[in-house]
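[1] Coordinates for the following, if possible.
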Amino acid sequence: MTKVGIFGANGRMGRNLIQATVEDNNALLSAAAVRESSPFLGIDAGLVAGIQEQNIKTSADLDQLAKDTTVWIDFTLPEALELNIKYCVANKLNLVVGVTGLTAEQEQQLVDASQHIAIVYAANFSTGVNLLYKLLEITAKTIGNDCDIEIIEGHHRFKKDAPSGTALALGKVIANTLDRDLDKVAVYGREGDTGERKRETIGFATVRAGDIVGEHTALFADIGERVEITHKASSRLTFAKGAVRAANWLTGKQNGLFDMQDVLGLKEVNL
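    Numbers count the residues shown, from 1 in each chain. Modelled structure (predicted):
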């Protein structure tokens, strides 16, 4: 059994991660970490997640929690992730990372840490989204150079980063397939007299509203027709289950930096 610890156990994703771990036949919830100032400190993790009690109390004492855990899952915030990476490296604990909005320096910290522990880092842990990446490769190879390409994403009002990590990942898949540099061709929003659209650009549009869990559409538009490829998530539990699957996959791995394409075996699929 994979002994799983959850960082930020009282957060929106943390609660779903607790439930997904409990429901997974190959995983065992072993730790639930919260801040020292959290009102959920010392409460049974199951009650925090809205499920039955698990006899696991939330704690801020990471040194104690390290004794019972083999892999941690982190969907917190970039600033918290920096400390959590250091903790996992110091205790030789593998790590699943779903934190988005990382800087180049924070991503480099993951690369450096992967020399010592095994890490799965992904913008999106949904099986459907990772399948979407493959579909985008096929579409981009077939019609990408003849189309205007736009990516539209929507999330709940509480999401702090934009565009979403998943939207950026979709853009990178398309740009890499077309041998373009996303940093040079990305257009983030438009206003005023922007002039005629340049064919090589990849546009991003962001929606933040209500309780939208996550919606992403890649649009390939030519004169006379367009192809739209869309993924819609209706529950955060989808992402949580993928993260627990990744935690199980890390069992026995000593070091390295991986993503959900590795976990799902999609890199072995030839187009």
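[2] Next one: Gln19 from Arg236, what distance?
    As defined by CB to CB, to the nearest Å, Gln19 lies at a distance of 10 Å from Arg236. C-betas here are computed from N, CA, C, even on glycine.
[3] Now do the helix or strand bottoming out on mean pLDDT in the chain: everything it contacts.
    When the helices and strands of the chain are scored by mean pLDDT, DSSP states H and E, helix 62-65 comes last with a mean of 86. Residues outside helix 62-65 that contact it (CB atoms under 8 Å, 6 or more residues apart in numbering): 5, 30-31, 33, 59, 87.
[4] show me where the protein has strands.
    Assigned by DSSP state E, the chain shows strands spanning 2-6, 27-32, 71-74, 94-97, 118-121, 148-155, 186-188, 202-208, 214-222, 225-233, 256-258.
[5] Of all those strands, which one is nearest Lys141?
    strand 214-222 (11.3 Å; CB to CB).
[6] Do I have it right that Gly239 meets Ala122?
    Actually, residue 239 is Phe. It isn't Gly. No: in this structure, Phe239 is not within contact of Ala122 by CB atoms under 8 Å, at 9.5 Å.
[7] Tell me the residues that contact both of the two, please.
    Residues touching both Phe239 and Ala122 (CB under 8 Å, 6+ apart): Gly98.
[8] To what extent is Asn16 buried, counted in neighbours?
    Neighbourhood size, Asn16 [other CB atoms under 10 Å]: 23.
[9] what about stretch 220-235, how long is it end to end?
    Terminal residues of stretch 220-235 lie 27 Å apart, using CA to CA, to the nearest Å.
[10] my read: His155 touches Ile212, true?
    Yes: contact criterion CB under 8 Å: His155 and Ile212 qualify, at 5.5 Å.
[11] Would you check how far apart the residue nearest to Asn55 when sequence neighbours are not counted and Ala175 are?
    With sequence-adjacent residues excluded and distances taken as CB to CB, 6 or more residues apart in numbering, Asn55 is closest to Asp44, at 7.0 Å. From Asp44 across to Ala175, the span is 46 Å (CB to CB).
[12] the more surrounded of those two?
    Each of Asp44 and Ala175 has its neighbours counted (other CB under 10 Å); Ala175 has more, 21 against 17.
[13] Let me know the pLDDT of the residue found closest to the more buried one once you drop the neighbours it is linked to in the chain.
    Spatial nearest neighbour of Ala175, chain neighbours left out: Leu182 (4.0 Å); criterion: CB to CB, 6+ apart. Listed pLDDT for Leu182 reads 97.
[14] residue contacts, the closest residue to Val22 other than its chain neighbours?
    Nearest non-adjacent residue to Val22, counting by CB to CB, 6+ apart: Leu29, 5.6 Å away. By CB under 8 Å, 6+ apart, the residues touching Leu29 are 4, 6, 18, 21-22, 45, 54, 56.
[15] In the sheet, which residues pair with the residue lying closest to Ala9 once chain neighbours are set aside? Tell me.
    Of all residues not flanking Ala9 in the chain, Ala32 sits nearest, at 3.6 Å (CB to CB, 6+ apart). Assessed by DSSP bridges, Ala32 has beta-bridge partners Ile6.
[16] likewise Arg208?
    Going by DSSP bridges, Arg208 forms beta bridges with His155.
[17] and it, how many neighbours does it have?
    For Arg208, the neighbour count with other CB under 10 Å is 15.
[18] Thought Lys159 was touching it, still the case?
    Yes: at 6.2 Å, Arg208 counts as touching Lys159 under the criterion of CB under 8 Å.
[19] can you list the weak-confidence ranges in this protein?
    Across the chain, the ranges flagged by pLDDT under 70 are 269-271.
[20] what about Thr206, distance to Gly189?
    According to CB to CB, Thr206 stands 7 Å off from Gly189.
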